[in-house]
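*Asks:* How does the following fold in three dimensions:
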Amino acid sequence: MLKRQEIIDFDKIFKDEDYNEYLDKIDDLPKPLLIKASTFLLGFNSFDTFVQKHRELLSKWFGKENNAIANEINQTINNYIKESGHEIIIINPRTSLTLFENLLSSDNTTETIKDSDFELLLFKIYLALNQKLNENDNSISETAKKNKDYPELINLSIGMSLPTFDITNYDITSVFISQVLRAIYLFEFLEEHKESKVLLSEFYKRFDVNGYKQYLGKLLPISGSIITAKKQGNINLVIKEDNDFESNVAFLEKLAVNHIVYENEILKDYLNLRENPIVRIDKNVFQIIFPLFAIEKIFNGLYFLLKEINDNLTEESKINLRQLITFDFSEKYILCQLLDNIFRKKYFKLKGIEMGSPGAPDYYIRNGNKIFIFESKDILINAKIKSSYDFSKYEKALREKLYFYNNGKNEQAKAVRQLMNFAKQLLTKTFNEDKNYKPNSIKIYPIIILHNRQLDISGLNNLINIWYEWELELLKSEGINVSNIRKITIINIDTLLIFQDQISSGILKLDKLLNEYQNWIDKNLIEKKKFKTKKDYYSAIEDSLVSFNMYMSIRYNWKTPKEFADKAYSLIEKPSA
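*Replies:* Numbering: from 1, shown residues only. Have a look, this model is predicted:
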């Protein structure tokens, strides 16, 4: 199911030249042409033939004057594929985003260039960036292999996917639906809290709207232009010159990027472009830089917008925004709202605030002898760590956020240990809020809910299961029967949002999904199977590293949630762009 492809770099094609010479040649290309070319490349998803078939890419990249060069490049790539046996691609979101950041940080004044010269120079610059990024990947590989605490394949999978997985593996429509629903949830939450009244008032004032529905009504047409685009490539937002022209332009200007003060590091997780996903190219024309970032501006971008406003409020009006959004909203409010919607039947349910037992989870459900315990974590990996290309730093960050944190004096349990500690309470019958079960007959399903696609990466659940096994051994050493504790599953909140109706109706049963997934990623079960070829075996091993969200997308079709139709359709107006 997983498809591994090599991003071909400069040295594979232009063997007699030094790629370093082209890393700084972006100033030789006119900025308007570069913007158009970069956004064009970013407008294609990874499954399009323009991306997957190098011959098609070359035929569209080069014009007639460069036909001979294009044919020579095509033959060189074909020879490399034959010799190496690798599948290759040329364009990819990471390089395209880096190219765009470079051009926005440039002060070049080049105005004209021959089309044929532009095509070839841009191609060489692109491949040079590919090579630079491939060198970063090699650094990850080297550091991953040095770690002996975990299987090398898991290390490599996490190391190679953490920096970029969120921008290369996604379904744009499902991301759109979850972003809209989460944004509505957040606005509803903020409007219920008196402490955020001033903040919301200033937010609405900044965007010249009378409430969140009008704000989303202005923002969603941008996403609509992406979802309904008939072809991939450049996506322009053309503003009608009517009575709302000035207000619409002013609204979009607040979301547009003009220039980047670039730092020495080649990547900082594209934070500038995530915050400002469009660029103005004419009086009444804006262009979407990267469709995914424009979609994720709906919810993910809200925190940064609110933070900027909150930072400029008076001391009396400022609130602890990070605590309010990441803990009170993400880890408590939206999880409870969603699980309440999904499990409406007469299950025994408890929210975290309803449980007085120390170490109680964020949500507890018992259906007969099946117990689901949820720990909710709205966490991110720092952009500097992501761009370090050092697996030891990745592992440390993941361990401290999901297993335990030790500051040298005290040790604080995180999701994995929290769940296992609570499982111990259930098995020793010391959980006071629910006494109507028998420890020897229950099945405990520990679940970690994550709130950002950044950690929906290959290998992470496999790593979590290693930590789970370590904790299991500790419980065994205390004489506790652990046979009824199922392995821990990481579920992204987006997956629950998208599949909520199918789970709620019983079409999909959560316990069966969890069992199926854990069997899918269980290497021991794979080893017992018979495969026709070694290729099939290795493919199954690689597939065993997928996240729960990826597994669901492979195995099941999702349907638009009724909640989306009820809450969002009325906000989606016909775009003025």
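*Asks:* Now for the closest residue to residue 88 other than its chain neighbours: which residues touch it?
*Replies:* Excluding the flanking residues, the one nearest residue 88 by Cβ to Cβ, 6 or more residues apart in numbering is residue 8, at 4.5 Å. Where you see a C-beta, it was placed from the backbone N, CA and C, and this is true even at glycine. Going by Cβ atoms under 8 Å, 6 or more residues apart in numbering, residue 8 touches 54, 77, 80, 88, 89, 90, 127, 130.
*Asks:* Max pairwise distance over the residues you listed: which two?
*Replies:* 80 and 130 (13.5 Å; Cβ to Cβ).
*Asks:* So for the two, which residue has more residues nearby?
*Replies:* Remark: of residue 80 and residue 130, residue 130 carries more neighbours, 26 against 16, as counted by other Cβ atoms under 10 Å.
*Asks:* so how far is the helix or strand where that one lies from its chain's centroid?
*Replies:* Using DSSP states H and E, the element containing residue 130 is helix 115-146. In terms of Cα atoms, centre = their mean, to the nearest Å, the centre of helix 115-146 is found 22 Å from the chain centre.
*Asks:* Show the average pLDDT along it.
*Replies:* The average pLDDT within helix 115-146 is 94.
*Asks:* So which elements touch it?
*Replies:* strand 6-7, helix 10-13, helix 31-42, helix 93-105, helix 152-161, helix 391-402 (3 or more Cβ pairs under 8 Å, 6 or more residues apart in numbering; DSSP states H and E).
*Asks:* Around residue 293, count how many other residues there are.
*Replies:* 22.
*Asks:* hang on, isn't it packed against residue 273?
*Replies:* Yes. Between residue 293 and residue 273 there is a contact under Cβ atoms under 8 Å: 5.7 Å.
*Asks:* got a list of what the residue lying closest to residue 402 once chain neighbours are set aside touches?
*Replies:* Of all residues not flanking residue 402 in the chain, residue 415 sits nearest, at 4.9 Å (Cβ to Cβ, 6+ apart). Applying Cβ under 8 Å, 6+ apart to residue 415 gives the contacts 375, 377, 401, 402, 403, 448.
*Asks:* one step back: most neighbours of all the contacts of residue 8, which one?
*Replies:* residue 130 (26 neighbours).
*Asks:* out of the contacts of residue 8, who's nearest residue 352?
*Replies:* residue 89 (44.8 Å).
*Asks:* and the residue lying closest to the closest one once chain neighbours are set aside, backbone torsions?
*Replies:* Among residues not flanking residue 89 along the chain, residue 5 sits closest, at 5.0 Å (Cβ to Cβ, 6+ apart). With angles defined as degrees, to the nearest 10, residue 5 sits at phi -130, psi 140.
*Asks:* quick one on the thing from earlier: which of the residues in the helix holding residue 130 are buried?
*Replies:* If you call a residue buried by 16 or more other Cβ atoms under 10 Å, then helix 115-146 has these buried ones: 118-134, 136-137, 140-141, 143-144.
*Asks:* what does stretch 219-233 give?
*Replies:* So, applying 16+ other Cβ under 10 Å, buried residues of stretch 219-233: 219, 220, 221, 222, 223, 224, 225, 226, 232.
*Asks:* Check stretch 541-555 too.
*Replies:* Those would be 542, 543, 544, 545, 546, 547, 548, 549, 550, 551, 552, 553, for stretch 541-555 by 16+ other Cβ under 10 Å.
*Asks:* Same question for stretch 355-367.
*Replies:* Buried-residue list, stretch 355-367, by 16+ other Cβ under 10 Å: 355, 360, 361, 362, 363, 364, 365, 366, 367.
*Asks:* ditto for stretch 19-38
*Replies:* 19, 22, 23, 26, 29, 30, 31, 33, 34, 35, 37, 38.
*Asks:* and what of stretch 527-542?
*Replies:* Under 16+ other Cβ under 10 Å, the buried positions of stretch 527-542 are 539, 540, 542.
*Asks:* Let me know the closest of those to residue 490.
*Replies:* Checking the buried residues of stretch 527-542 against residue 490 by Cβ to Cβ gives residue 542 as the nearest, at 18.3 Å.
*Asks:* would that closest one count as being in a helix?
*Replies:* Yes. The assignment for residue 542 by DSSP: H, G, I helix; E, B strand; the rest coil puts it in a helix.
*Asks:* and it, how far is that from residue 395?
*Replies:* Between residue 542 and residue 395 the computed distance is 20 Å (Cβ to Cβ, to the nearest Å).
*Asks:* and the residue nearest to residue 89, what is it in contact with?
*Replies:* 86, 87, 88, 89.
*Asks:* Also residue 97?
*Replies:* Taking Cβ under 8 Å, 6+ apart as the test, what residue 97 contacts is 42, 167, 270, 273, 290.
*Asks:* Residue 51: how many residues sit nearby?
*Replies:* So residue 51, with other Cβ under 10 Å, has 20 neighbours.
*Asks:* Tabulate the CA atom coordinates of the helix or strand it falls within in PDB.
*Replies:* Using DSSP H and E, residue 51 maps to helix 49-52. Only the C-alpha atoms of helix 49-52 are listed here, as PDB (Å, rounded to 0.1, in the frame of the first residue of the first chain):
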ATOM      1  CA  THR A  49       0.500  11.600 -13.600                       C
ATOM      2  CA  PHE A  50       2.300  14.900 -13.900                       C
ATOM      3  CA  VAL A  51       4.100  14.000 -10.700                       C
ATOM      4  CA  GLN A  52       4.300  10.300 -11.100                       C
END
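*Asks:* so what's the backbone phi/psi at residue 490?
*Replies:* Note on residue 490: backbone dihedrals following degrees, to the nearest 10 are phi -90, psi 130.
*Asks:* In three-state terms, label residue 279 for me.
*Replies:* strand.
*Asks:* which among the contacts of residue 415 end up buried?
*Replies:* Using 16+ other Cβ under 10 Å as the threshold, 375, 377, 401, 402, 403, 448 are the buried ones among these.
*Asks:* export the residues you listed to CSV and tack on distance to residue 472?
*Replies:* Below are those laid out as CSV (distance: Cβ to Cβ, whole Å):
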residue, distance to residue 472
375, 17
377, 21
401, 21
402, 16
403, 14
448, 16
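*Asks:* Nearest to residue 430 among those residues?
*Replies:* residue 375 (18.4 Å).
*Asks:* how would you label the closest one: helix, strand or coil?
*Replies:* strand.
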